[in-house]
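1. Need a 3D model of the following:
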Amino acid sequence: MDFERARFNMVEQQIRPWDVPTPEVRHLLTAARRENYVPPPVRTLAFADIEVPLPCGQTMLKPAIEGRILQALGMKRVRSTLEIGTGSGYFAALLASRSRKVYTVEIEPELAQLARGNFARNGIANVIVEEGDGAQGWFTQAPYDVIVVSGCLPELPGALLAQLKPGGRLFAFVGEAPAMKARLIVRENEKQVQRRDLFETQVPMLRHAPCTNEFLL
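-> Residues are numbered from 1 along each chain as shown. This is a model prediction of the structure:
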């Protein structure tokens, strides 16, 4: 398979037309080797417009959605990033190119080990894989400049917002099928936040997603 041609087609046919005009984002997605984070039995699907299957019944986000997340975050260079839901490690590797340190939390030990191996093979040294339940965030290394939740939550828990630095950005999928919203939260200061719903989609629900009434956003 011609991975370079497939990568080019992914960026130009899936990502660029879907409101991802920033050249830096497209360059990042062109430079990253997505196929290196896809299990060998399905590697030919690395650039397809689908949720590529992973072990433990999990999936990778569609390439176009990954592009929209990066576009929304508008990341330059930040000190600290939190990702909830590591999967194969591909999106954490993208975040690592814009962050001094990425902490990525994975509830499935098999996927955590898979991601660690992928980072080692691809020379990614600034990502720390934490095994555990990240549905309420990961207080150990808080606060963060950027937080990304790769699975859906019924609502955003206040605990996540509490871990975001002033000036920081949080991206998550919020709601329930068929009306899940891709939401960007910008924390202006200790008391004020801006919320913007970017598009609707469907992604898997985050394991152990909070279902209490203690939500802020």
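
2. Name the nearest residue to Glu66, ignoring sequence neighbours.
-> Phe91 (6.0 Å; Cβ to Cβ, 6 or more residues apart in numbering). Heads up, the C-betas are built off the backbone N, CA and C, glycines and all.

3. Number of residues surrounding that neighbour?
-> Using other Cβ atoms under 10 Å, Phe91 is surrounded by 25 other residues.

4. ok, now which ones touch it?
-> 60-61, 66, 69, 83, 148, 150 (Cβ atoms under 8 Å, 6 or more residues apart in numbering).

5. Double-check that it belongs to a helix.
-> Yes. Using DSSP: H, G, I helix; E, B strand; the rest coil, the assignment for Phe91 is a helix.

6. so how far is Glu155 from it?
-> From Phe91 across to Glu155, the span is 23 Å (Cβ to Cβ, to the nearest Å).

7. can you put the contacts of Phe91 in TSV and add secondary structure, distance to Ala177 and neighbour count?
-> Converted to TSV, these look like this (DSSP: H, G, I helix; E, B strand; the rest coil; distance: Cβ to Cβ, whole Å; neighbours: other Cβ atoms under 10 Å):
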residue	secondary structure	distance to Ala177	neighbour count
Met60	coil	19	25
Leu61	coil	16	22
Glu66	helix	20	24
Ile69	helix	19	24
Glu83	strand	23	30
Val148	strand	20	24
Ser150	strand	16	26
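
8. buried ones in the least confident helix or strand in the chain by mean pLDDT?
-> Here the helix or strand of the chain ranked lowest by mean pLDDT, DSSP states H and E is helix 23-31, holding a mean of 88. For helix 23-31, the neighbour count (16 or more other Cβ atoms under 10 Å) marks 25-26, 28-29 as buried.

9. And for stretch 180-190?
-> Quick answer for stretch 180-190 (16+ other Cβ under 10 Å): 180, 182-187.

10. which residues make contact with that stretch from outside it?
-> So stretch 180-190 is contacted by 65, 68-69, 72-73, 152, 156, 161, 164-175, 193-203, 217 (Cβ under 8 Å, 6+ apart).

11. Extract the C-alpha trace of it and format it as CSV.
-> The C-alpha coordinates for stretch 180-190 follow below in CSV (Å, rounded to 0.1, in the frame of the first residue of the first chain):
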residue,chain,number,x,y,z
MET,A,180,-23.4,14.4,20.7
LYS,A,181,-21.7,17.8,20.5
ALA,A,182,-18.0,18.6,20.0
ARG,A,183,-17.5,21.3,22.7
LEU,A,184,-14.6,23.7,23.2
ILE,A,185,-14.2,25.4,26.6
VAL,A,186,-11.8,28.3,27.0
ARG,A,187,-11.1,29.3,30.6
GLU,A,188,-10.6,33.1,30.5
ASN,A,189,-9.8,33.4,34.3
GLU,A,190,-10.6,31.8,37.6
